[in-house]
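Asker: Quick one, fold the following:
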Amino acid sequence: MHRHQSTLASPSSPKPTPASSSAARATPTPSQPAQPAVTWTEYLSLRKDMRLRNQIFSFVMSPMAFVGATFYVAATYQFDPTETIMGIESPWIVGIGAMTVGAIAATMTPVSLEALWRVVNPTKVKKLDALDREFYRRIQKHRAHASLAGPQLHLFDYYGATVVSRETYRKWLRKQRKTKQKAEFLVQASKIKSA
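Answerer: From the prediction side, this is the model:
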């Protein structure tokens, strides 16, 4: 019995003591960094904050870009107000161009802000992306189908944009159930009418 145990132990590999094994278990592995937990409440609150921020910045940046483009063209280019470009008077061309710049600014501002947020908060991006996928999976599962839309039936918040808290999510679910029930009622009424 003692001879069999001696063959398993190597002189160069001493048996680890309980203290050393427990210390090894307690040592964290550097390959698995701790991920900050993000709850659904925090996620929905963050969605609300980001939506409000995007609306505010878009509302501010659009007129600023419009005014800036107008002043830039007026200060840089010399043109005759009576001259036409493609049959359109020059002031109209300047106005259309400035409005286009304002529309581009309003469109690009939310995209730029989200990209900047991802750079500043890299530790939350992976978790939030996973919650985004789960959120939209639930939206697709519970929302009324697009084919139900018609003159007598309006689809409420098809993409779940108004969901910014648990309360608004429950309200959204109730609205979707009512829409489905109304669609079923309209289908049954149509069958009875055509019979």
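
Asker: Pop the domain breakdown of this protein in here.
Answerer: Domain ranges of the chain: 38-121, 143-195, per automatic domain parsing.

Asker: ranking those by mean pLDDT, which is last?
Answerer: For the domains of the chain, mean pLDDT drops lowest on domain 38-121, to a mean of 80.

Asker: Ends of that domain, what's the gap?
Answerer: Terminal residues of domain 38-121 lie 13 Å apart, using CA to CA, to the nearest Å.

Asker: Can you say which helix or strand has the residue nearest the centre of the chain in it?
Answerer: Residue closest to the average C-alpha location in the chain (CA atoms, centre = their mean): D132, at 6.6 Å. Using DSSP states H and E, D132 maps to helix 122-142.

Asker: V119 - how many residues pack around it?
Answerer: 9 (other CB atoms under 10 Å). For the C-beta atoms, the positions are set from N, CA and C on the backbone; glycine is no exception.

Asker: Tell me who's in contact with it.
Answerer: Residues in contact with V119 (CB atoms under 8 Å, 6 or more residues apart in numbering): none are found.

Asker: Against S147, how distant is it?
Answerer: Counting by CB to CB, to the nearest Å, the gap between V119 and S147 amounts to 40 Å.

Asker: Out of the domains of the chain, flag the one nearest R137.
Answerer: domain 143-195 (11.0 Å; CB to CB).

Asker: where do the helices sit along the chain?
Answerer: 2-8, 18-26, 40-76, 90-120, 122-142, 166-194 (DSSP state H).

Asker: can you redo these as JSON lines with distance to H154?
Answerer: Compiled in JSON lines, these are given as follows (distance: least, CB to CB, whole Å):
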{"stretch": "helix 2-8", "distance to H154": "76"}
{"stretch": "helix 18-26", "distance to H154": "59"}
{"stretch": "helix 40-76", "distance to H154": "22"}
{"stretch": "helix 90-120", "distance to H154": "26"}
{"stretch": "helix 122-142", "distance to H154": "17"}
{"stretch": "helix 166-194", "distance to H154": "8"}
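
Asker: With D157 as the reference, name the closest of those helices.
Answerer: helix 166-194 (6.1 Å).

Asker: what about R51, neighbour count?
Answerer: R51 has 14 nearby residues by other CB under 10 Å.

Asker: Contacts only, for it.
Answerer: 161, 164.

Asker: run the last query once more with 7 Å
Answerer: Under the criterion of CB atoms under 7 Å, 6 or more residues apart in numbering, the contact list for R51 is empty.

Asker: Roughly how far does it sit from L131?
Answerer: 15 Å.

Asker: tell me the mean pLDDT over the helix holding D132?
Answerer: 89.

Asker: Give me the buried positions along that helix.
Answerer: Using 16 or more other CB atoms under 10 Å as the test for burial, helix 122-142 gives 124, 128, 131, 135, 139.

Asker: next one: stretch 65-79
Answerer: Applying 16+ other CB under 10 Å to stretch 65-79 flags 65-66, 69-70, 73 as buried.

Asker: Lovely, talk soon.
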